[in-house]
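K.L.:
build me a structure from this.
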Amino acid sequence: MKFDMHCHTREGSIDSHVAIREYITILKSRGFGGMLVTDHDSYRGYRYWEKHQDTMPDDFVVLKGIEYDTRDAGHFIVIMPDGVNVRLLSVRGMRAEILSKLVHHYGGILGPAHPYGMRSSSAMFFRKIRKHPEIMRRFDFLEGFNTCELVSANVKARGLAREYDLPCIGGSDSHKAMYVGTAFTEFNRDITCNNDLIDCIRNNEIVAFGGKERAFLRHHNKRYWKVTNYTLKTLNRSASLLLKPYRKIKVLRMGLYDENIE
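P.N.:
So this is what the prediction gives:
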């Protein structure tokens with residue numbers, strides 16, 4: 001069964017131009033059986049699908065994920081079990097180690113998105129991971145192919161997966177319709193729910209993953225400018241610190257108070 005494992009919807013990500021209905025239509029036309037919705041620090045796209053699923057194209061599986069912005073290690077794809085709703089995952093800025101503890105406490109899995117991609121949001125360009133590479137062993141998979149990254153970045157990601165014996169997934173990371181379905185992850189059995197997906201990844205029941213990188217255009221160079229990366233990292237850290245008191249309140253309400261969860 002073929003999935004696109006990195007999907008940003010217009011309903012859930014402010015930088016996406018693709019409605020979830022359009023996503024489903026395009027993916028079905030390209031032979032995909034499902035998608036993982038991974039909006040930025042938000043489940044709004046998936047909730048929109050839940051609310052309107054009776055009017056959506058049928059015979060297609062839509063699963064709930066999130067791309068979480070950590071304070072110290074970039075972006076992570078997080079997949080939680082069915083019926084588990086952790087509101088704290090919609091509040092960006094936890095440290096990677098704490099995110100891992102929280103996700104695993106509830107039976108979920110996580111892995112770095114585009115680990116060698118844009119420096120402001122990719123794990124291997126953060127001091128935390130470079131100084132403490134053993135943190136990689138806390139993760140359950142990594143994104144071995146991302147349509148939006150350079151060929152060299154995807155090659156390095158796959159090498160990292162081999163080093164730590166982690167399963168790889170592929171995702172288009174689409175924000176525009178033209179890139180939807182340009183990456184895939186194929187599983188060796190049918191996936192009908194988040195629990196199925198978690199089991200398949202934990203047991204490395206991934207038959208294949210890959211796709212086609214997008215054409216690298218001149219304006220894409222802006223992603224690699226030092227000023228761009230410095231600015232985005234600064235904004236991310238500032239937002240993380242600003243939201244720290246709110247995260248603490250969420251933890252208390254969840255009954256999981258831990259002074260290190262922030």
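
K.L.:
check what pLDDT residue 87 gets.
P.N.:
Per-residue pLDDT puts residue 87 at 86.

K.L.:
how about the one 3 residues further on?
P.N.:
In the predicted model, residue 90 carries a pLDDT score of 90.

K.L.:
what about it, neighbour count?
P.N.:
16 (other C-beta atoms under 10 Å). No exception for glycine: its C-beta is placed from N, CA and C like everyone else's.

K.L.:
likewise for the one 10 residues further on?
P.N.:
By the other C-beta under 10 Å criterion, the neighbourhood of residue 100 contains 23 residues.

K.L.:
same thing with residue 161?
P.N.:
Counted by other C-beta under 10 Å, the residues lying close to residue 161 total 21.

K.L.:
spell out which helix or strand contains it, please.
P.N.:
For residue 161, the element it lies in under DSSP states H and E is helix 151-164.

K.L.:
again with residue 52
P.N.:
For residue 52, the host element (DSSP H and E) is helix 44-52.

K.L.:
residue 198 in helix, strand or coil?
P.N.:
helix (DSSP: H, G, I helix; E, B strand; the rest coil).

K.L.:
next up, the contacts around it.
P.N.:
Going by C-beta atoms under 8 Å, 6 or more residues apart in numbering, residue 198 touches 79, 81, 107, 108, 109.

K.L.:
would you agree residue 73 falls within a strand?
P.N.:
No. Going by three-state DSSP, the assignment for residue 73 is coil, not a strand.

K.L.:
pretty sure it is touching residue 123, no?
P.N.:
Yes. Assessed by C-beta atoms under 8 Å, residue 73 is found in contact with residue 123 at 4.9 Å.

K.L.:
what touches both of the two?
P.N.:
Taking C-beta under 8 Å, 6+ apart as the criterion, residue 73 and residue 123 both touch 96, 112, 129.

K.L.:
return the subset of the residues you listed lying in strands.
P.N.:
residue 112 (DSSP state E).

K.L.:
per-residue pLDDT of residue 36, please?
P.N.:
pLDDT for residue 36: 98.

K.L.:
tell me where this protein has strands.
P.N.:
Here the chain has its strands, by DSSP E, at 2-7, 34-37, 61-69, 75-79, 109-112, 142-146, 168-171, 183-187, 206-211.

K.L.:
show me the residues around the residue nearest to the spatial centre of the chain that make contact.
P.N.:
When C-alpha atoms, centre = their mean is applied to the chain, the residue found nearest the centroid is residue 77 (2.6 Å). Each residue near residue 77 by C-beta under 8 Å, 6+ apart is listed here: 5-6, 36, 38, 65-68, 110-113, 143, 169, 171.

K.L.:
top of these by neighbour count?
P.N.:
residue 143 (34 neighbours).

K.L.:
once you drop chain neighbours, what's closest to it?
P.N.:
In space, and not counting its chain neighbours, residue 143 is closest to residue 113: 5.0 Å by C-beta to C-beta, 6 or more residues apart in numbering.

K.L.:
quick check: phi and psi at the one you found.
P.N.:
phi -80, psi 140 (degrees, to the nearest 10).

K.L.:
export stretch 129-148 as PDB, just CAs?
P.N.:
Extracted as PDB, the C-alpha positions of stretch 129-148 are listed here (Å, rounded to 0.1, in the frame of the first residue of the first chain):
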ATOM      1  CA  ILE A 129      22.500  16.500  17.600                       C
ATOM      2  CA  ARG A 130      26.100  17.200  16.500                       C
ATOM      3  CA  LYS A 131      27.300  17.200  20.100                       C
ATOM      4  CA  HIS A 132      25.100  14.300  21.200                       C
ATOM      5  CA  PRO A 133      24.600  12.000  18.200                       C
ATOM      6  CA  GLU A 134      23.400   9.300  20.600                       C
ATOM      7  CA  ILE A 135      20.100  11.100  20.700                       C
ATOM      8  CA  MET A 136      19.400   9.600  17.300                       C
ATOM      9  CA  ARG A 137      18.800   6.300  19.000                       C
ATOM     10  CA  ARG A 138      15.700   7.800  20.700                       C
ATOM     11  CA  PHE A 139      13.900   8.000  17.400                       C
ATOM     12  CA  ASP A 140      11.900   5.400  15.500                       C
ATOM     13  CA  PHE A 141      12.500   6.300  11.900                       C
ATOM     14  CA  LEU A 142      13.700   9.200   9.700                       C
ATOM     15  CA  GLU A 143      12.700  10.700   6.400                       C
ATOM     16  CA  GLY A 144      15.000   9.200   3.900                       C
ATOM     17  CA  PHE A 145      13.500  11.000   0.900                       C
ATOM     18  CA  ASN A 146      12.000  14.400   0.700                       C
ATOM     19  CA  THR A 147      10.900  15.900  -2.600                       C
ATOM     20  CA  CYS A 148      11.900  19.400  -1.500                       C
END
